[in-house]
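**Student:** Please work out how this folds:
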Amino acid sequence: MHVALGAILFLAVMAVTAVVFVMWVVVMLIQGLWNLLVGGPARPRPQLQARGVLDTVMCNHGRCHALNPAPARFCRRCGSPLQGQPAAATRRIAV
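**Tutor:** Okay, the predicted model is just below:
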């Protein structure tokens, strides 16, 4: 009796997981088609100027292209040195 109940519960959990996965795949396909047809993400990202970030520097390393604050020396996402900034880290000594 316990084995049958365990098997039924296992199958029920697997069925629910399969339904959720299929729904997720359908949503991802719809978003991908929307991006192809409209030419942009389904939900636009908030503007940086609205959050108060005015001076930014774009990372030019590979496919990163992350926006970083102007005084940053290294990219937040990939860690590569930003253009116009020295590549070597300076040593600061507190007195």
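
**Student:** quick one: low-confidence ranges for this structure?
**Tutor:** Applying pLDDT under 70 to the chain flags residues 40-54, 84-95.

**Student:** where do the strands sit along it?
**Tutor:** 56-58, 67-69 (DSSP state E).

**Student:** and those as JSON lines, adding distance to Val13 and mean neighbour count?
**Tutor:** Yep, even glycine has a C-beta here, placed from its N, CA and C like the rest. Below are the strands of the chain laid out as JSON lines (distance: least, C-beta to C-beta, whole Å; neighbours: other C-beta atoms under 10 Å):
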{"stretch": "strand 56-58", "distance to Val13": "46", "mean neighbour count": "14"}
{"stretch": "strand 67-69", "distance to Val13": "42", "mean neighbour count": "15"}
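
**Student:** among those strands, which is nearest Leu29?
**Tutor:** strand 67-69 (29.0 Å; C-beta to C-beta).

**Student:** What strands flank that closest one, and is each parallel or antiparallel?
**Tutor:** Strand pairing for strand 67-69, using DSSP bridges, gives strand 56-58 (antiparallel).

**Student:** domains in the protein, as residue ranges please.
**Tutor:** As given by automatic domain parsing, the domain ranges for the chain are 1-44, 45-85.

**Student:** Of these, flag the one that's most buried.
**Tutor:** Ranked by mean neighbour count, the domains of the chain are led by domain 45-85 with a mean of 12 (mean count of other C-beta atoms under 10 Å).

**Student:** Please tell me how far the residue positioned nearest the centre of the chain sits from His61.
**Tutor:** Geometric centre of the chain, nearest residue: Arg77, 10.2 Å, by C-alpha atoms, centre = their mean. According to C-beta to C-beta, to the nearest Å, Arg77 stands 9 Å off from His61.

**Student:** Please apply the same query to Met1.
**Tutor:** Counting by C-beta to C-beta, the gap from Met1 to His61 is 62 Å.

**Student:** what's the answer for Ala7, then?
**Tutor:** Distance from Ala7 to His61, by C-beta to C-beta: 53 Å.
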